[in-house]
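In: Sequence plus predicted model, see below.
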Amino acid sequence: MKFKGRLGLQQRVLPGYRVPFFDLLAHHCEGGMSLFAGQPRPEEMIASGKTQIARHVEARNIHLFGGAFYLCYQRGFIDWLEAWNPDALIVEANPRYLSTPAAVRWMHKRGRKVIGWGLGAPPSLSPHFLRKWGETQRGAWKRFVRQFDALIAYSRRGAEEYAALGFPREKIFVAHNSVSPPPNIPLPNRPSTFDLRPTILFVGRLQARKRIDHLLRACAELGTNPRLLIVGEGPERHSLESIAKEIYPSAEFIGAKHGLELKPYFEQADLFVLPGTGGLAVQEAMSYGLPVIVAKGDGTQDDLVRESNGWQIEPEDYGALVSTMKNALSDMARLRRMGKESFRIVSEEINIQKMAEAFVRALNSVAG
(Lines give C-alpha, C1' and ligand atoms only; values in the text may rest on other atoms or scores of the structure.)
Protein backbone atom coordinates (compact mmCIF):
# COMPACT_ATOMS: atom_id res chain seq x y z
CA MET A 1 0.00 0.00 0.00
CA LYS A 2 1.48 3.33 -1.09
CA PHE A 3 0.66 7.04 -1.08
CA LYS A 4 1.48 8.23 -4.57
CA GLY A 5 2.14 11.85 -3.66
CA ARG A 6 4.67 13.88 -1.71
CA LEU A 7 4.00 14.04 2.02
CA GLY A 8 4.84 16.75 4.52
CA LEU A 9 4.62 15.90 8.22
CA GLN A 10 4.91 18.36 11.12
CA GLN A 11 5.93 17.52 14.68
CA ARG A 12 6.85 19.78 17.54
CA VAL A 13 9.94 17.63 18.24
CA LEU A 14 11.55 14.49 16.79
CA PRO A 15 11.99 11.96 19.62
CA GLY A 16 14.26 9.02 18.90
CA TYR A 17 11.53 6.46 19.50
CA ARG A 18 9.50 7.84 16.56
CA VAL A 19 12.30 7.55 13.99
CA PRO A 20 11.54 3.94 12.90
CA PHE A 21 7.89 4.85 12.26
CA PHE A 22 8.67 8.02 10.31
CA ASP A 23 11.21 6.20 8.13
CA LEU A 24 8.70 3.41 7.50
CA LEU A 25 5.99 5.93 6.59
CA ALA A 26 8.42 7.69 4.24
CA HIS A 27 9.04 4.32 2.56
CA HIS A 28 5.28 4.17 1.82
CA CYS A 29 5.30 7.58 0.07
CA GLU A 30 6.22 7.35 -3.62
CA GLY A 31 6.92 11.08 -3.82
CA GLY A 32 8.99 11.06 -0.62
CA MET A 33 8.37 12.57 2.80
CA SER A 34 9.77 15.62 4.53
CA LEU A 35 9.52 16.01 8.30
CA PHE A 36 9.39 19.46 9.93
CA ALA A 37 10.28 19.30 13.63
CA GLY A 38 12.23 21.35 16.15
CA GLN A 39 14.07 20.92 19.43
CA PRO A 40 12.46 20.25 22.84
CA ARG A 41 12.96 22.36 25.93
CA PRO A 42 16.02 21.24 27.96
CA GLU A 43 13.89 20.31 30.97
CA GLU A 44 11.86 17.83 28.89
CA MET A 45 14.89 15.51 28.57
CA ILE A 46 13.61 14.15 25.24
CA ALA A 47 16.30 12.30 23.30
CA SER A 48 16.09 13.53 19.71
CA GLY A 49 16.49 11.15 16.78
CA LYS A 50 17.82 11.21 13.24
CA THR A 51 15.87 9.82 10.31
CA GLN A 52 17.41 7.83 7.46
CA ILE A 53 14.64 7.88 4.82
CA ALA A 54 12.40 10.79 5.82
CA ARG A 55 14.01 14.18 5.13
CA HIS A 56 14.20 16.12 8.38
CA VAL A 57 14.08 19.92 8.21
CA GLU A 58 14.58 21.56 11.61
CA ALA A 59 11.93 23.99 12.81
CA ARG A 60 12.89 26.91 15.01
CA ASN A 61 10.72 26.26 18.04
CA ILE A 62 9.79 29.23 20.19
CA HIS A 63 8.50 27.93 23.52
CA LEU A 64 6.06 30.23 25.31
CA PHE A 65 4.98 30.01 28.95
CA GLY A 66 4.82 26.60 30.60
CA GLY A 67 2.67 23.96 32.27
CA ALA A 68 -1.03 24.24 31.46
CA PHE A 69 -0.33 27.52 29.60
CA TYR A 70 2.40 26.16 27.32
CA LEU A 71 2.34 27.31 23.68
CA CYS A 72 4.75 26.71 20.81
CA TYR A 73 5.39 28.74 17.67
CA GLN A 74 7.44 27.08 14.92
CA ARG A 75 9.31 29.58 12.77
CA GLY A 76 9.98 28.58 9.19
CA PHE A 77 6.80 26.50 8.75
CA ILE A 78 5.60 28.30 5.59
CA ASP A 79 9.14 28.49 4.18
CA TRP A 80 9.38 24.72 4.54
CA LEU A 81 6.01 24.21 2.83
CA GLU A 82 7.05 26.42 -0.08
CA ALA A 83 10.33 24.55 -0.47
CA TRP A 84 8.91 21.01 -0.15
CA ASN A 85 5.55 21.75 -1.83
CA PRO A 86 3.74 18.66 -0.45
CA ASP A 87 0.65 17.08 -2.00
CA ALA A 88 -0.70 16.37 1.51
CA LEU A 89 0.22 17.52 5.01
CA ILE A 90 -0.11 15.75 8.37
CA VAL A 91 0.16 17.94 11.50
CA GLU A 92 -0.12 17.34 15.21
CA ALA A 93 -3.74 18.05 16.16
CA ASN A 94 -2.80 20.26 19.09
CA PRO A 95 -4.26 23.77 19.43
CA ARG A 96 -1.24 24.82 21.51
CA TYR A 97 0.86 24.95 18.34
CA LEU A 98 0.32 28.45 17.01
CA SER A 99 1.80 27.96 13.52
CA THR A 100 -0.64 25.26 12.43
CA PRO A 101 -3.63 27.36 11.23
CA ALA A 102 -1.47 29.38 8.81
CA ALA A 103 -0.01 26.16 7.40
CA VAL A 104 -3.49 24.71 6.92
CA ARG A 105 -4.59 27.84 5.08
CA TRP A 106 -1.49 27.65 2.85
CA MET A 107 -2.36 24.08 1.85
CA HIS A 108 -6.08 24.72 1.33
CA LYS A 109 -5.39 27.79 -0.81
CA ARG A 110 -3.62 25.44 -3.19
CA GLY A 111 -6.38 22.82 -3.10
CA ARG A 112 -4.40 20.34 -0.99
CA LYS A 113 -5.47 18.31 2.02
CA VAL A 114 -4.42 18.44 5.67
CA ILE A 115 -4.81 15.64 8.23
CA GLY A 116 -4.61 16.18 11.98
CA TRP A 117 -2.98 13.46 14.12
CA GLY A 118 -3.48 13.35 17.87
CA LEU A 119 -4.53 11.72 21.11
CA GLY A 120 -8.08 13.01 20.97
CA ALA A 121 -9.96 15.79 22.74
CA PRO A 122 -10.92 14.62 26.25
CA PRO A 123 -14.06 16.18 27.78
CA SER A 124 -13.39 19.12 30.05
CA LEU A 125 -12.84 18.22 33.69
CA SER A 126 -13.47 21.75 34.89
CA PRO A 127 -15.28 21.95 38.26
CA HIS A 128 -18.84 23.29 38.37
CA PHE A 129 -17.86 26.91 39.03
CA LEU A 130 -15.60 26.81 35.94
CA ARG A 131 -18.17 25.17 33.68
CA LYS A 132 -18.30 28.22 31.43
CA TRP A 133 -14.53 27.97 30.94
CA GLY A 134 -14.91 24.27 30.08
CA GLU A 135 -17.56 25.09 27.49
CA THR A 136 -15.26 27.73 26.00
CA GLN A 137 -12.48 25.16 25.72
CA ARG A 138 -14.85 22.73 24.03
CA GLY A 139 -15.89 25.35 21.51
CA ALA A 140 -12.25 26.09 20.76
CA TRP A 141 -11.60 22.38 20.14
CA LYS A 142 -14.54 22.17 17.74
CA ARG A 143 -13.29 25.14 15.74
CA PHE A 144 -9.76 23.74 15.74
CA VAL A 145 -10.58 20.28 14.35
CA ARG A 146 -13.01 21.70 11.80
CA GLN A 147 -10.09 22.97 9.70
CA PHE A 148 -8.85 19.43 8.94
CA ASP A 149 -9.87 17.23 6.01
CA ALA A 150 -9.44 14.07 8.14
CA LEU A 151 -8.21 13.08 11.58
CA ILE A 152 -5.97 10.24 12.74
CA ALA A 153 -6.41 9.20 16.37
CA TYR A 154 -3.91 7.27 18.48
CA SER A 155 -6.67 5.07 19.87
CA ARG A 156 -10.35 4.16 19.62
CA ARG A 157 -11.04 6.38 22.64
CA GLY A 158 -9.40 9.31 20.85
CA ALA A 159 -11.51 8.64 17.75
CA GLU A 160 -14.68 8.74 19.85
CA GLU A 161 -13.60 12.04 21.40
CA TYR A 162 -13.12 13.58 17.96
CA ALA A 163 -16.52 12.26 16.86
CA ALA A 164 -18.09 13.80 19.99
CA LEU A 165 -16.92 17.20 18.72
CA GLY A 166 -19.07 16.70 15.64
CA PHE A 167 -16.25 15.71 13.28
CA PRO A 168 -17.55 13.24 10.65
CA ARG A 169 -16.86 9.65 11.72
CA GLU A 170 -16.09 8.56 8.17
CA LYS A 171 -13.15 10.97 8.16
CA ILE A 172 -11.65 9.68 11.42
CA PHE A 173 -9.00 6.95 11.24
CA VAL A 174 -7.41 4.98 14.08
CA ALA A 175 -3.67 4.32 13.88
CA HIS A 176 -2.89 2.52 17.13
CA ASN A 177 0.05 4.28 18.74
CA SER A 178 3.11 2.09 18.34
CA VAL A 179 6.87 2.43 18.57
CA SER A 180 7.88 -1.15 17.72
CA PRO A 181 7.88 -3.30 14.58
CA PRO A 182 6.24 -6.75 14.62
CA PRO A 183 8.39 -9.23 16.58
CA ASN A 184 11.17 -10.75 14.48
CA ILE A 185 11.81 -13.48 17.01
CA PRO A 186 9.66 -16.49 17.95
CA LEU A 187 7.64 -16.48 21.14
CA PRO A 188 10.05 -17.31 23.99
CA ASN A 189 9.51 -20.77 25.43
CA ARG A 190 8.90 -20.24 29.13
CA PRO A 191 8.60 -23.06 31.69
CA SER A 192 5.21 -24.05 33.07
CA THR A 193 6.36 -23.22 36.61
CA PHE A 194 8.24 -20.31 38.12
CA ASP A 195 12.00 -20.71 38.35
CA LEU A 196 12.19 -20.78 42.17
CA ARG A 197 10.29 -17.50 42.38
CA PRO A 198 8.51 -15.24 39.89
CA THR A 199 10.47 -12.49 38.13
CA ILE A 200 8.86 -9.05 37.77
CA LEU A 201 10.29 -6.54 35.33
CA PHE A 202 10.12 -2.76 35.00
CA VAL A 203 11.79 -0.98 32.07
CA GLY A 204 11.73 2.80 31.73
CA ARG A 205 13.06 6.11 32.94
CA LEU A 206 13.32 6.36 36.71
CA GLN A 207 10.99 9.29 37.34
CA ALA A 208 8.58 10.04 40.18
CA ARG A 209 5.50 9.68 37.94
CA LYS A 210 6.46 6.07 37.11
CA ARG A 211 5.69 5.15 40.78
CA ILE A 212 8.51 2.63 41.08
CA ASP A 213 8.36 3.29 44.82
CA HIS A 214 4.89 1.69 44.77
CA LEU A 215 6.32 -1.29 42.92
CA LEU A 216 9.01 -1.79 45.55
CA ARG A 217 6.48 -1.64 48.38
CA ALA A 218 4.10 -3.98 46.56
CA CYS A 219 6.82 -6.62 46.07
CA ALA A 220 7.60 -6.42 49.79
CA GLU A 221 3.92 -6.98 50.56
CA LEU A 222 3.33 -9.92 48.21
CA GLY A 223 4.86 -12.54 50.46
CA THR A 224 6.21 -14.56 47.52
CA ASN A 225 9.55 -12.68 47.48
CA PRO A 226 9.57 -12.12 43.71
CA ARG A 227 12.76 -11.22 41.91
CA LEU A 228 12.39 -7.57 40.89
CA LEU A 229 14.42 -6.23 37.95
CA ILE A 230 14.41 -2.44 37.48
CA VAL A 231 15.98 -1.46 34.16
CA GLY A 232 16.59 2.21 33.44
CA GLU A 233 18.19 5.42 34.61
CA GLY A 234 16.77 8.72 35.78
CA PRO A 235 16.70 11.41 38.44
CA GLU A 236 14.95 9.19 41.00
CA ARG A 237 17.50 6.34 41.02
CA HIS A 238 19.34 7.36 44.19
CA SER A 239 16.09 7.90 46.09
CA LEU A 240 14.66 4.58 44.90
CA GLU A 241 17.79 2.67 45.87
CA SER A 242 17.52 4.17 49.36
CA ILE A 243 13.88 3.06 49.61
CA ALA A 244 14.81 -0.41 48.34
CA LYS A 245 17.50 -0.83 51.02
CA GLU A 246 14.85 -0.30 53.67
CA ILE A 247 11.88 -2.25 52.31
CA TYR A 248 13.06 -4.56 49.50
CA PRO A 249 16.85 -4.94 49.47
CA SER A 250 16.80 -7.77 46.91
CA ALA A 251 15.57 -5.40 44.15
CA GLU A 252 18.08 -5.29 41.30
CA PHE A 253 18.82 -1.91 39.70
CA ILE A 254 20.27 -2.79 36.31
CA GLY A 255 20.81 0.69 34.89
CA ALA A 256 20.13 1.88 31.35
CA LYS A 257 19.92 -0.77 28.64
CA HIS A 258 18.92 -0.34 25.00
CA GLY A 259 18.10 -2.49 22.00
CA LEU A 260 19.44 -6.02 22.19
CA GLU A 261 20.86 -5.31 25.66
CA LEU A 262 17.29 -5.58 26.94
CA LYS A 263 16.68 -9.05 25.51
CA PRO A 264 17.93 -11.16 28.45
CA TYR A 265 15.82 -9.19 30.93
CA PHE A 266 12.62 -9.57 28.91
CA GLU A 267 13.34 -13.29 28.47
CA GLN A 268 13.88 -13.85 32.20
CA ALA A 269 10.69 -12.08 33.25
CA ASP A 270 7.32 -13.62 34.05
CA LEU A 271 5.38 -10.35 34.35
CA PHE A 272 5.95 -6.76 33.19
CA VAL A 273 4.66 -4.00 35.49
CA LEU A 274 4.36 -0.28 34.74
CA PRO A 275 2.77 1.18 37.89
CA GLY A 276 2.79 4.85 36.84
CA THR A 277 1.92 6.95 33.82
CA GLY A 278 3.89 6.99 30.59
CA GLY A 279 6.28 4.40 29.28
CA LEU A 280 7.15 3.01 25.87
CA ALA A 281 8.41 -0.44 26.88
CA VAL A 282 4.97 -2.09 27.17
CA GLN A 283 4.85 -3.12 23.51
CA GLU A 284 8.40 -4.40 23.64
CA ALA A 285 7.52 -6.49 26.69
CA MET A 286 4.54 -7.89 24.82
CA SER A 287 6.76 -8.78 21.86
CA TYR A 288 8.61 -11.11 24.26
CA GLY A 289 5.36 -12.79 25.25
CA LEU A 290 4.85 -11.09 28.61
CA PRO A 291 1.55 -10.33 30.31
CA VAL A 292 1.47 -6.74 31.52
CA ILE A 293 0.09 -4.57 34.33
CA VAL A 294 -0.12 -0.88 33.41
CA ALA A 295 -1.65 2.27 34.86
CA LYS A 296 -4.47 3.76 32.82
CA GLY A 297 -3.52 6.77 30.73
CA ASP A 298 -4.48 8.57 27.54
CA GLY A 299 -6.42 5.73 25.90
CA THR A 300 -3.61 4.06 23.98
CA GLN A 301 -3.43 1.39 26.68
CA ASP A 302 -7.12 0.53 26.17
CA ASP A 303 -6.39 -1.02 22.78
CA LEU A 304 -3.07 -2.59 23.75
CA VAL A 305 -3.83 -4.05 27.19
CA ARG A 306 -6.98 -6.14 27.44
CA GLU A 307 -8.43 -8.69 29.84
CA SER A 308 -6.94 -11.39 27.64
CA ASN A 309 -3.32 -10.23 28.05
CA GLY A 310 -3.07 -8.03 31.12
CA TRP A 311 -4.56 -5.60 33.60
CA GLN A 312 -5.10 -1.84 33.70
CA ILE A 313 -5.16 -0.17 37.09
CA GLU A 314 -5.93 3.36 38.20
CA PRO A 315 -2.83 5.55 38.55
CA GLU A 316 -1.81 6.25 42.14
CA ASP A 317 -3.97 3.36 43.44
CA TYR A 318 -1.44 1.41 45.48
CA GLY A 319 -4.03 -1.06 46.76
CA ALA A 320 -5.06 -1.92 43.20
CA LEU A 321 -1.42 -2.50 42.27
CA VAL A 322 -0.88 -4.96 45.13
CA SER A 323 -4.11 -6.90 44.59
CA THR A 324 -3.56 -7.08 40.82
CA MET A 325 -0.01 -8.37 41.20
CA LYS A 326 -1.21 -11.02 43.65
CA ASN A 327 -3.94 -12.04 41.23
CA ALA A 328 -1.54 -12.16 38.28
CA LEU A 329 0.97 -14.39 40.04
CA SER A 330 -1.65 -16.75 41.49
CA ASP A 331 -2.27 -18.70 38.28
CA MET A 332 0.80 -19.66 36.26
CA ALA A 333 -1.13 -21.35 33.41
CA ARG A 334 -3.28 -18.22 32.93
CA LEU A 335 -0.19 -16.01 33.03
CA ARG A 336 1.43 -17.97 30.20
CA ARG A 337 -1.76 -17.85 28.11
CA MET A 338 -1.91 -14.09 28.56
CA GLY A 339 1.69 -13.79 27.48
CA LYS A 340 0.92 -15.63 24.25
CA GLU A 341 -1.96 -13.25 23.62
CA SER A 342 0.36 -10.26 24.16
CA PHE A 343 2.65 -11.68 21.49
CA ARG A 344 -0.26 -12.15 19.09
CA ILE A 345 -1.53 -8.58 19.57
CA VAL A 346 1.78 -6.92 18.71
CA SER A 347 2.42 -9.40 15.89
CA GLU A 348 -0.93 -9.00 14.16
CA GLU A 349 -2.68 -5.82 15.35
CA ILE A 350 -0.55 -3.09 16.92
CA ASN A 351 2.89 -2.33 15.52
CA ILE A 352 4.49 0.38 13.39
CA GLN A 353 3.72 -1.50 10.17
CA LYS A 354 -0.02 -1.46 10.94
CA MET A 355 0.29 2.17 12.05
CA ALA A 356 1.90 3.19 8.75
CA GLU A 357 -0.80 1.36 6.79
CA ALA A 358 -3.49 3.32 8.67
CA PHE A 359 -1.74 6.59 7.79
CA VAL A 360 -1.61 5.62 4.12
CA ARG A 361 -5.33 4.75 4.14
CA ALA A 362 -6.10 8.19 5.58
CA LEU A 363 -3.88 9.89 3.00
CA ASN A 364 -5.40 8.00 0.09
CA SER A 365 -8.92 8.77 1.35
CA VAL A 366 -8.36 12.54 1.26
CA ALA A 367 -6.44 12.29 -2.00
CA GLY A 368 -9.59 10.92 -3.63
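Out: Looks like it came in fine.

In: Skipping adjacent residues, who's closest to Trp117 in space?
Out: Distance criterion Cβ to Cβ, 6 or more residues apart in numbering; nearest residue to Trp117, sequence neighbours excluded, is Ile152 at 4.4 Å. C-beta: built from backbone N, CA, C; applies to glycine.

In: Okay, the one you found and Arg361: tell me how far apart.
Out: 9 Å (Cβ to Cβ, to the nearest Å).

In: Compare these two and say which one has the larger neighbour count.
Out: Each of Ile152 and Arg361 has its neighbours counted (other Cβ atoms under 10 Å); Ile152 has more, 24 against 15.

In: Which residues are in contact with each of Ile152 and Arg361?
Out: Residues touching both Ile152 and Arg361 by Cβ atoms under 8 Å, 6 or more residues apart in numbering: Phe173.

In: still on that earlier bit, contact partners for the residue nearest to Trp117?
Out: Ile90, Ile115, Gly116, Trp117, Gly118, Ile172, Phe173, Val174, Ala175, Ala358, Phe359, Ala362.

In: Just put these in TSV and tack on pLDDT and neighbour count.
Out: Formatted as TSV, these follow (pLDDT from 0 to 100; neighbours: other Cβ atoms under 10 Å):
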residue	pLDDT	neighbour count
Ile90	98	25
Ile115	98	23
Gly116	98	24
Trp117	98	23
Gly118	95	19
Ile172	98	21
Phe173	98	18
Val174	97	19
Ala175	97	25
Ala358	98	17
Phe359	98	24
Ala362	98	25
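
In: Pipe these into CSV and attach distance to Met33 per row.
Out: As requested, the contacts of Ile152 are exported to CSV (distance: Cβ to Cβ, whole Å):
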residue, distance to Met33
Ile90, 9
Ile115, 13
Gly116, 17
Trp117, 14
Gly118, 19
Ile172, 22
Phe173, 18
Val174, 21
Ala175, 15
Ala358, 16
Phe359, 10
Ala362, 14
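
In: Select from those residues every entry located in helices.
Out: In this view, the contacts of Ile152 that belong to helices under DSSP state H are Ala358, Phe359, Ala362.

In: Adding distance to Val145 as columns, could you present those in a markdown table?
Out: Below are those laid out as a markdown table (distance: Cβ to Cβ, whole Å):
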| residue | distance to Val145 |
| --- | --- |
| Ala358 | 18 |
| Phe359 | 18 |
| Ala362 | 14 |
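
In: Return the member of those nearest to Arg12.
Out: For the ones in helices among the contacts of Ile152, the residue nearest Arg12 by Cβ to Cβ is Phe359; the value is 18.0 Å.

In: how much space between Arg197 and Gly111?
Out: 65 Å.

In: And Arg306, by the same measure?
Out: In terms of Cβ to Cβ, Arg306 sits 42 Å off from Gly111.

In: more neighbours, the two?
Out: For the pair Arg306 and Gly111, the greater number of neighbours falls to Arg306 (15 against 6), based on other Cβ under 10 Å.

In: which stretches of the stretch 201-350 of the chain form strands?
Out: 227-231, 252-255, 271-274, 292-295, 310-313 (DSSP state E, counting those that start in this stretch).

In: most tightly surrounded among these?
Out: The highest mean neighbour count among the strands of the stretch 201-350 of the chain, using mean count of other Cβ atoms under 10 Å, belongs to strand 271-274: a mean of 26.

In: Neighbouring strands - and their directions - for that one?
Out: strand 199-203 (parallel), strand 292-295 (parallel) (DSSP bridges).

In: returning to what we had before: how about CSV for the strands of the stretch 201-350 of the chain, with mean pLDDT and distance to Ala244 added?
Out: CSV is the format used below for the strands of the stretch 201-350 of the chain (pLDDT from 0 to 100; distance: least, Cβ to Cβ, whole Å):
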stretch, mean pLDDT, distance to Ala244
strand 227-231, 97, 8
strand 252-255, 97, 7
strand 271-274, 96, 15
strand 292-295, 95, 19
strand 310-313, 96, 22
